[in-house]
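Chemist: need a 3D model of the sequence below.
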Amino acid sequence: MKKALAVVLFASVLFISSNAIAAEDEDADAPDLKIDGSLILQYRHDNIYKEPLPGRYDGVQTLLTVNIRQKLTDHLDFYTRATYETLGGGLNPATNGKVIDGAYTGYTGSQDYIDKRYNGAFDAVGFTLKADEWTWTVGSQALTIGQGLIYDNSNIGRHALPYAVDGKGKIGVLDTEIFTAKTNYQSAIAANDKFSGIVVGYDITPKANIGAFYTRWAAGSTATYPDSVARLNFIGVDATYRLNKKVTFNGEIVRSNASVSNNAYLGGVTYAFDKIDTVSLSAYRSEDLSDINDANLGGMTTAPDANTKGYIFSWAHKMGENISLKIDYDRYTHLNETAVTGTTNDRDRTTVGLTYTF
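Modeler: Numbers count the residues shown, from 1 in each chain. The predicted model follows:
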């Protein structure tokens, strides 16, 4: 309780400080120092229907995220991100249903967070360079490829984010992203994986966008991955269409050069009732070798896990200028029993999260 209170107090101090900085720089074009972030309180409930540990898993997470950006020159910024997480005890079949501290470990973080109840880290750090029409980011950072079926790393923790060089800009009429990255595994994993690629997008109309990508991934250690899947190439296409002010459709298809289990796809729709309430529904199928696997955390996809098919429903409600409520429900079943990297469980998951931004 004391540490949870400390998180709230720390967030309050940062909120006051960031407002003071903004007030001091209100006459400037842009403040040299920018601080923002969020405080999230989230409850998660899982039902797992298959061995080895079927049953109910519950847990509560508090997560403070602080983003800091310092302007160094007109073209160069320094950035870092601090995260601090608390994990409450929960029901866990491994303990015969007893409530234990940290039972719901590894909540959203990396292996650094497993079996520890309170954890803090500076997990993103680097520089951003603006040159002509391109912006280059160098350092540990979150990356998403396409709409996220192949790779969507928004996790937290010292070893969660890859080291990367990422450039975003224009080549002719194409919005273009070029990246090369290396994972940041803890010492227990022998070697880090590498991946690189290119993503392009084009606005067909003001309401419709299409995109495509190519990514090459190479495992750092075949002790973690079999030789047959230690080098993979991925291609994908995606599209977004805004029907009107309320309805937006999206979809993505991915394929790897693995000999089996190499396809993934998703399709979704979002409906905005107004500026306060938004709902979305997506269905997906993500085969075992259709995404980039992360030895810390498993499949890095928008789907809950590789080797599954299912659907995700979300409702977001804006309660005020800086406070929002979100409820998600995921339901999936596994595709086969011989997965190399994906799960072989069946599961449904409900999360209820309250977020305060500053």
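Chemist: where do the strands sit along the stretch 151-300 of the chain?
Modeler: In the stretch 151-300 of the chain, strands defined by DSSP state E, counting those that start in this stretch lie at 151-153, 163-171, 174-182, 194-205, 208-218, 231-242, 247-256, 263-272, 277-286, 293-294, 298-299, listed in chain order.
Chemist: save the ones you listed as CSV, and put in mean neighbour count, distance to Arg347 and mean pLDDT too.
Modeler: Where you see a C-beta, it was placed from the backbone N, CA and C, and this is true even at glycine. Formatted as CSV, the strands of the stretch 151-300 of the chain follow (neighbours: other CB atoms under 10 Å; distance: least, CB to CB, whole Å; pLDDT from 0 to 100):
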stretch, mean neighbour count, distance to Arg347, mean pLDDT
strand 151-153, 23, 19, 85
strand 163-171, 16, 31, 97
strand 174-182, 18, 29, 97
strand 194-205, 16, 27, 97
strand 208-218, 17, 26, 97
strand 231-242, 18, 25, 96
strand 247-256, 19, 22, 97
strand 263-272, 18, 18, 96
strand 277-286, 18, 14, 96
strand 293-294, 22, 18, 74
strand 298-299, 22, 13, 58
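Chemist: want to try TSV for those strands, with distance to Ala131 as columns?
Modeler: Listed next are the strands of the stretch 151-300 of the chain as TSV, based on distance: least, CB to CB, whole Å:
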stretch	distance to Ala131
strand 151-153	25
strand 163-171	9
strand 174-182	13
strand 194-205	18
strand 208-218	23
strand 231-242	27
strand 247-256	30
strand 263-272	34
strand 277-286	36
strand 293-294	31
strand 298-299	34
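Chemist: where in this protein is the helix or strand with the lowest mean pLDDT?
Modeler: Using mean pLDDT, DSSP states H and E, the weakest-scoring helix or strand in the chain turns out to be strand 99-100, at a mean of 39.
Chemist: residues contacting Thr128?
Modeler: Under the criterion of CB atoms under 8 Å, 6 or more residues apart in numbering, the contact partners of Thr128 comprise Arg69, Leu76, Asp77, Phe78, Tyr79, Thr135, Trp136, Thr137, Val138.
Chemist: buried ones from those residues, can you make that a PyMOL selection?
Modeler: Of the contacts of Thr128, the buried ones go into a single PyMOL selection, burial set by 16 or more other CB atoms under 10 Å:
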select buried, resi 69+77+79+135+136+137
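Chemist: make CSV out of the contacts of Thr128 and add distance to Asn233 and pLDDT.
Modeler: Shown next, in CSV, are the contacts of Thr128 (distance: CB to CB, whole Å; pLDDT from 0 to 100):
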residue, distance to Asn233, pLDDT
Arg69, 35, 97
Leu76, 34, 97
Asp77, 33, 98
Phe78, 34, 98
Tyr79, 31, 98
Thr135, 27, 97
Trp136, 25, 98
Thr137, 24, 98
Val138, 25, 98
